[in-house]
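Colleague: Test case, fold it:
(chains A and B)
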Amino acid sequence: MMHNESITEQLHSLTIGKYSSKELTENYIHRIKQLKHLNCFISVLEESALQTAADADQARYKGKVGPLTGIPIAHKDIFCTKNIATTAGSQMLHNYIAPFDATVVIKIAAAGAITIGKTNMDEFAMGSSNETSYYGAVQNPWDTDRVPGGSSGGSAAAVAAGLCSAATGTDTGGSIRQPSAHCGITGLKPTYGRISRWGMIAFASSLDQAGPMTRTAEDAALLLALMAGGDPKDSTCIRDDVPNYLEYLNTTLEGARIGVCDDFFADGLEAKSEEVIQDALKIFEQLGATTKSVKLPHIKYSVPAYYVIAPAEASTNLSRYDGVRFGYRCKDPENLNDMFKRSRSEGFGDEVKRRIMTGAFTLSTGYYDAYYRKAQQIRRLIKNDFHQAFNEVDFLIGPTAPQPAFMLGEKTESHIDMYLQDIYTIAANLAGLPAMSIPIGFSSKLPVGLQLIGNYLAEGTILSAAHQYQKRTDWHKCFPMMTTSESQR
Amino acid sequence: MKWEPIIGLEIHVQLQTKSKIFSGASTVFGAEPNTQASSIDLGLPGVLPVVNAEVYPRAVAFGLSIGAEISRVSVFDRKNYFYPDLPKGYQITQMDKPIVVGGSVQISLENGISKEIQITRAHLEEDAGKSVHDEFASSTGIDLNRAGVPLLEIVSEPDMRSAKEAVAYARYIHQLVTYLGVSDGNMSEGSLRCDANVSIRPIGATKMGTRTEIKNVNSFRFLENAINFEISRQKAVLESGGHITQETRLYDPTRDETRSMRSKETAMDYRYFPEPDLLPISIDDEYIADIRKKMPELPREKAERFVNNYQLTKADADTLAFDPIIADYFEATVNICQDGKLAANWVRVEILGRLNKDTLEEKIIPVPSTELGKLLNRIKDQTINGKIAKEILDTLWSSPTFNLDEYIKDHELEQLSNSNALEPLIEEVLKQNPKQAEQFRQGKTKLIGFFVGQVMKETSGKANPQQVNELVLKKLS
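Modeller: Sure thing, here's the model as predicted:
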């Protein structure tokens, strides 16, 4: 079935003429309509996608083939798209149309891909369940009563449900990896700065990083190679040459040293998930790798440090939404302050406001040293921990999330519980390291993800490890049983 | 009671760059509202700032000119506050690690003594936009053309003790940044704006009084008036038993008074923190050495050189060195006429005088220095006298393109220095004014001027006055 093939397989099918890009795109559009209840998309670009698909078929016929020609890709609605609404999952931007494309959008389009739609997400990427979206929660394709994870929940569910070939996501504290784990797909957060942030609506600038969400590690490597690279519009973007990640994929795991952090297996990790992870470790050992316990003494401070730094940066990044120049403006403001206050009070959802308030507090006079500065110090210590660990091992392995997808509404009132969903993923953001999640089995019929954390700019290492694992196993090929929106009624 | 004012200034200098500090939008003044605001200046979602590298050499040159330390690593910070003309809700500035630290300048005061003013720091930042209140009936317009214009904020120590000192300091900074080419210094376009921190204390006291900050003064005259008003106001408050509230005040030039804008109690917490969208600025020794090499001569150095090389008085040298365009013009003139004093006199009196009279577009001198040099050469070789030279300069001023020597010849302006030609003229003048001749002989020697004047008149001003003088004396003795 074309919708659950990997990009690599689809490119092959397109090349040999098994089906056309138009057919592939029509199939996805059809499925998006059939599975509308999943609420994966904020915008579906049926018309332009079909047109681009037709153009792609023409191009292919003429032999003008790019690396993604005719492949339908969905963008998280945090990437600015010219002439198409970009909402960041917020009412604040319900009417916002950017005058430019994000660098990621430009690069993927330049490779020949089709933009099929903009995916649902937690409001301004703040959330771990996709329930903070102004456009409604996304359902997990494996169990529609459960969350897909967040914040890139729409992207993860869309890839898992076969609604697009792949999707882009962003990851500030786990927003690519955690939903990838919950939806049983492969998701990669590259090294901080590997992919340009230009046109990616900011949540926490020093942590935000775009990445691919795909069916396979091979697809992730293909997309990363296209998305990565220096950008003169982003001063924090790394200018180093982009390696050919596809060439890395066949590196054998023979002799590879895998670090296992004990802290990742402490209380809080669901028993069945741990079992599945241990099974995965055995596969890696069978593939020739050795495992070793490593110490990351400061990693236990990741969550508190993150929940100081990220809201602090968010509180100022979101100051521009003031109702003056674009976005939501309250009705009949009495005066300037009333306009600021009500536009922001009405335009933002609760979780966003909670983080703005937390962030503003930790940056305020008298608290800065106790919170923000301290958190940055912890961040440096965590970086050092990883640096030490990578002297002894090639990459680290652990859980992506403490348990599989939870029920919709289960944690919406318990903010700390929700924040702890990112307990394993946050450290890689704080340290700026590449990390990915791959599906490795099930717990009560729900996918379980394995996290691989690599050294600085060593995306190739974790991608090849993941690919080697996926060559040996079939977990990534599992596809959820779903009922259509029609039959749901 | 006698009071001592304590004044410190924060001067915002617009750096002269083609594009803004964090975007490619133009900085040219006077465009239609919002036509020079890019998506970055508008603070649209998803945009990122990239530092315009043109600001670094300018900040570094300023730092070197005041003997400051140039930070090898400096950091941009966000200063957070809500205002409609601040698009991002924060200003990108430098708080903890400014690019320029310390330094000092010597200012000249009226009584001829000079005073050292310490500078605390100078940092890079972006300007905000402009709120337009009077053009719309019930709403406020926002013009973001200025948003993101690069500024260097120069913060002084509270070293000034009068409004006059503060103005002298501000003028000095204005001159310095113009000299360095760091800024165009155009105050009417807002290229230099001052915030003044003012407090007073009883003379002899060591503890500082509570200060107020007067915001955004854009002329030297207003600065002097604002500070003087504030000093008087504070005196009146304290002498009537009141106390000064720490607050921000605005100067209203139409009423010549300062008014409270906001007090410390309602002061904002700017929640400064390092700008995560920008990397720290690294500047190495090589870069600094390179800027130092390219730096122009500073006004004080130039004036000293003028005194030494051309034997000018200090006052003349200071006047000529004050403006780089005038200074260059003067030196180019000296190059041709090889007479520093003569050139200085002519540039200071005749050129600057005419410039002030004409109020021409600033600093455009219609007569090229080559022409002035030639003209002075004709004075030196006695072809023409000074009076005629001034008349020729007037002509040159309105139509500077003609051949000077031909002009002199064609208009028969050559100086009459021939005794044989002059003597009959003088005799004729003496004959026609016997009364005055008699008075002169009786000792009223001042009348020499009268006779010389008569002869000059007879020759349409072309006679050599020195020679006429001598000949008259000879005839009358």
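
Colleague: could you say what helices and strands the strand or helix carrying residue B:199 packs with?
Modeller: For residue B:199, the host element (DSSP states H and E) is strand B:192-202. Applying 3 or more C-beta pairs under 8 Å, 6 or more residues apart in numbering or on different chains; DSSP states H and E, one finds that strand B:192-202 makes contact with strand B:3-14, helix B:163-179, strand B:212-217, helix B:220-239. All C-beta atoms are positioned from the backbone trio N, CA, C, and that covers glycine.

Colleague: Can you add mean neighbour count and give those back as TSV?
Modeller: Below are the helices and strands packed on strand B:192-202 laid out as TSV (neighbours: other C-beta atoms under 10 Å in any protein chain shown):
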stretch	mean neighbour count
strand B:3-14	21
helix B:163-179	21
strand B:212-217	20
helix B:220-239	18
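
Colleague: Among these, which comes closest to residue A:364?
Modeller: Residue A:364 lies closest to strand B:212-217 among those, at 21.3 Å (C-beta to C-beta).

Colleague: next one: the closest one to chain centre, how far?
Modeller: The chain centre lies 21 Å from the centre of strand B:212-217; the measure is C-alpha atoms, centre = their mean, to the nearest Å.

Colleague: list the contacts for the spatially most central residue of chain B?
Modeller: Taking C-alpha atoms, centre = their mean as the criterion, residue B:175 is the residue nearest the geometric centre of chain B, at 4.3 Å. The contact partners of residue B:175, taken as C-beta atoms under 8 Å, 6 or more residues apart in numbering or on different chains, are B:185, B:299, B:322-323.

Colleague: For chain B, what's the nearest residue on the stretch 1-150 of chain A?
Modeller: residue A:80 (4.4 Å; C-beta to the nearest C-beta).

Colleague: meant to ask about the stretch 351-489 of chain A, not that
Modeller: Evaluated by C-beta to the nearest C-beta, the stretch 351-489 of chain A has residue A:363 as its residue closest to chain B, separated by 3.9 Å.

Colleague: Which helix or strand contains residue A:397?
Modeller: strand A:395-399.

Colleague: before we move on, the earlier item: pairing partners for the strand holding residue B:199, with directions?
Modeller: Sheet pairing of strand B:192-202 (DSSP bridges) gives strand B:3-14 (antiparallel), strand B:212-217 (antiparallel).

Colleague: any idea which of the ones you listed scores lowest on pLDDT?
Modeller: Looking at the strands paired with strand B:192-202, the lowest mean pLDDT belongs to strand B:212-217 (a mean of 94).

Colleague: angle of it against helix B:163-179?
Modeller: 40 degrees (axes from the mean of the first three to the mean of the last three C-alpha atoms, to 10 degrees).

Colleague: then strand B:212-217 to CSV, C-alphas only?
Modeller: What follows is strand B:212-217, C-alpha atoms only, in CSV (Å, rounded to 0.1, in the frame of the first residue of the first chain):
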residue,chain,number,x,y,z
THR,B,212,15.8,62.6,37.9
GLU,B,213,16.3,61.6,34.3
ILE,B,214,15.3,63.9,31.4
LYS,B,215,14.6,61.8,28.4
ASN,B,216,15.2,62.3,24.7
VAL,B,217,16.5,65.8,24.2
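
Colleague: Run through who's touching that strand.
Modeller: Contacts of strand B:212-217 (C-beta under 8 Å, 6+ apart): B:193-199, B:223, B:226-227, B:230, B:234, B:244-251, B:258, B:261.

Colleague: what are the ranges of the helices in the stretch 51-200 of chain B?
Modeller: Ranges of helices in the stretch 51-200 of chain B, per DSSP state H, counting those that start in this stretch, are B:55-65, B:163-179.

Colleague: does chain B sit close to stretch A:171-180?
Modeller: No - judged by C-beta under 8 Å from any C-beta of the partner chain, stretch A:171-180 stays clear of chain B, getting no closer than 11.8 Å.

Colleague: now the end-to-end length of that stretch.
Modeller: 11 Å (C-alpha to C-alpha, to the nearest Å).

Colleague: can you give me the mean pLDDT across it?
Modeller: 98.

Colleague: which residues touch the residue of the stretch 1-150 of chain A closest to chain B?
Modeller: A:86, A:98, A:100-102, A:105, A:199-201, B:45-46.

Colleague: Out of the helices of the stretch 51-200 of chain B, name the one with the poorest average pLDDT.
Modeller: helix B:163-179 (a mean of 93).

Colleague: orientation of it relative to helix B:55-65 in degrees?
Modeller: Using the same axes, to 10 degrees: helix B:163-179 against helix B:55-65 is 130 degrees.

Colleague: Report the angle between helix B:163-179 and helix B:220-239.
Modeller: Using the same axes, to 10 degrees: helix B:163-179 against helix B:220-239 is 150 degrees.

Colleague: how distant is helix B:163-179 from the center of its chain?
Modeller: 8 Å.

Colleague: before we move on, what about stretch B:205-223?
Modeller: 21 Å.

Colleague: Please apply the same query to stretch A:72-91.
Modeller: Relative to the chain's own centre, stretch A:72-91 is displaced by 14 Å; criterion: C-alpha atoms, centre = their mean.

Colleague: Return the set of buried residues in that stretch.
Modeller: Within stretch A:72-91, the residues that count as buried by 16 or more other C-beta atoms under 10 Å in any protein chain shown are A:72-81, A:84, A:86-91.

Colleague: start to end distance for that stretch?
Modeller: 27 Å.

Colleague: re earlier: find the pair from the contacts of residue B:175 with maximum spatial separation.
Modeller: Of all pairs drawn from those, the greatest distance, 12.8 Å, lies between B:185 and B:299 (C-beta to C-beta).

Colleague: Compare the two (neighbour count), which wins?
Modeller: Set residue B:185 next to residue B:299 and count neighbours by other C-beta atoms under 10 Å in any protein chain shown: residue B:299 wins out with 23 against 19.

Colleague: For the closest residue to that one other than its chain neighbours, give me the pLDDT.
Modeller: Spatial nearest neighbour of residue B:299, excluding adjacent residues (C-beta to C-beta, 6 or more residues apart in numbering or on different chains): residue B:321 at 5.0 Å. Looking at residue B:321, its pLDDT is 86.

Colleague: Could you double-check that residue B:321 sits in contact with residue B:302?
Modeller: Yes - with contact defined as C-beta atoms under 8 Å, residue B:321 counts as touching residue B:302 (4.1 Å).

Colleague: closest to residue B:424 among the contacts of residue A:80?
Modeller: Nearest to residue B:424 among the contacts of residue A:80, with distances taken as C-beta to C-beta, is residue A:100, at 88.6 Å.

Colleague: Fine by me, we can end here.
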